[in-house]
Structure formats: structure tokens, C-alpha cells
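A.B. asks: heads up, no residue letters with this:
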């Protein structure tokens, strides 16, 4: 992994941004939110696309999968200088669309519970701790999947969020400099 402290404006060339640490743990937060709001056991709230997918629960078990469906970034990040440790702070806003698929005999009920419970102030406050604003939770789409000659109940919802991220680039301040400054101002005759 790259040493982000070694890459500064003093070295010249391209500057690498520090990693977005919060983004790396964000899916865990989303899973915790779904579990906490619906009451589903955390082990039954799973990422949709896992490297090693877990065994699918029995057809009579309520469970959920979720995944980032789409991400859009605002075009104009805010760049501010941080004087304390040197560097530019780059703040961006990401519009996120998470697909949440509830499975099992209570799929629609769990989707409704999530949609309704999402708007409780204490739950919204947890999102704000992650610099996130909930903008909408889409309609429930009831579906059926044929699994082993039996229909599995499914209900999908889209969760729409805006998340702020902050990263840094090591742009150093000029602390001191020596220079001679002279100016030729128009209309002033120096030789009289």
C-alpha cells in the first residue's frame, strides 16, 4: 500500500489523495442499519455480491441482501486548506442508490418495517453520524423467485442517500521565502 505521507507538493508531480476510510466500512454500516431497523439478525443481512457467498437460508427464513446499485458524484468538490497539518481537504458528495432485497415469508412486511422505521429521528441521527442524509426510500416491489421448484417471496426497495466524504492531499504551505521585489509602474518616471 502506498505511503500517503511521503507524497507531498514538495516532491512535485501528481498528488495522491488519502483513502476514504469511511467508504471502506460503509457497507457494514448499511447492513447494521437494515438489521437494527427491521430486527433481522445481522448474520441474515448480507451484501448482495460477496466473494464467497454464504449458503442461502431455508425458504421459510426471513433474510435480506443489499448492494450499491448506483453512485453519482457531484461535479464540484469543495477544496479547503487545512493549516494544522498541511494539505488540501477535498470534500465531495455522493448520491447513493442501494438496492435492498428482502426474502422469506415476511419479505413485504420487513420491507415496510424498514421504510417506516427509517424515518424515526433516532435512526436518521445514526445516518448523520456517517455524514449521510436519507433522501428517499422507494416503493416496495414484490417479486417471486423460483428456487428448487418453490416460489421464494421477495420484496425490493431502493434506499437513496447523499453521503459526504473528505479526503486530503498533502499540499504544503510556504513558510518563508527571500526575494527582491521591484515593479515598473506605468506613468511613473523613475529618472528625474
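C.D. replies: Cool, the structure landed. The structure displayed is predicted, hence computed values, not measured ones.
A.B. asks: OK, contacts around residue 102?
C.D. replies: Applying C-beta atoms under 8 Å, 6 or more residues apart in numbering to residue 102 gives the contacts 38, 62-64, 108, 110-111, 114, 154-157. (C-beta placed from N, C-alpha, C; glycine too.)
A.B. asks: Nearest to residue 123 among those residues?
C.D. replies: residue 114 (9.9 Å; C-beta to C-beta).
A.B. asks: Which helix or which strand is home to the closest one?
C.D. replies: Assigned by DSSP states H and E, residue 114 belongs to helix 107-117.
A.B. asks: now the chain, which segments are flagged as low pLDDT?
C.D. replies: When residues are selected by pLDDT under 70, those of the chain lie in 1-6, 21, 23-24, 83-86, 173-176, 183, 185, 187-192.
A.B. asks: And the helix holding residue 114, what's buried?
C.D. replies: Under the neighbour-count criterion of 16 or more other C-beta atoms under 10 Å, helix 107-117 has 107-108, 110-115, 117 buried.
A.B. asks: For the spatially closest residue to residue 46 that is not a sequence neighbour, which three-state class applies?
C.D. replies: Residue nearest to residue 46 in three dimensions, not counting chain neighbours: residue 65, with 5.1 Å by C-beta to C-beta, 6 or more residues apart in numbering. The assignment at residue 65 comes out as strand when based on DSSP: H, G, I helix; E, B strand; the rest coil.
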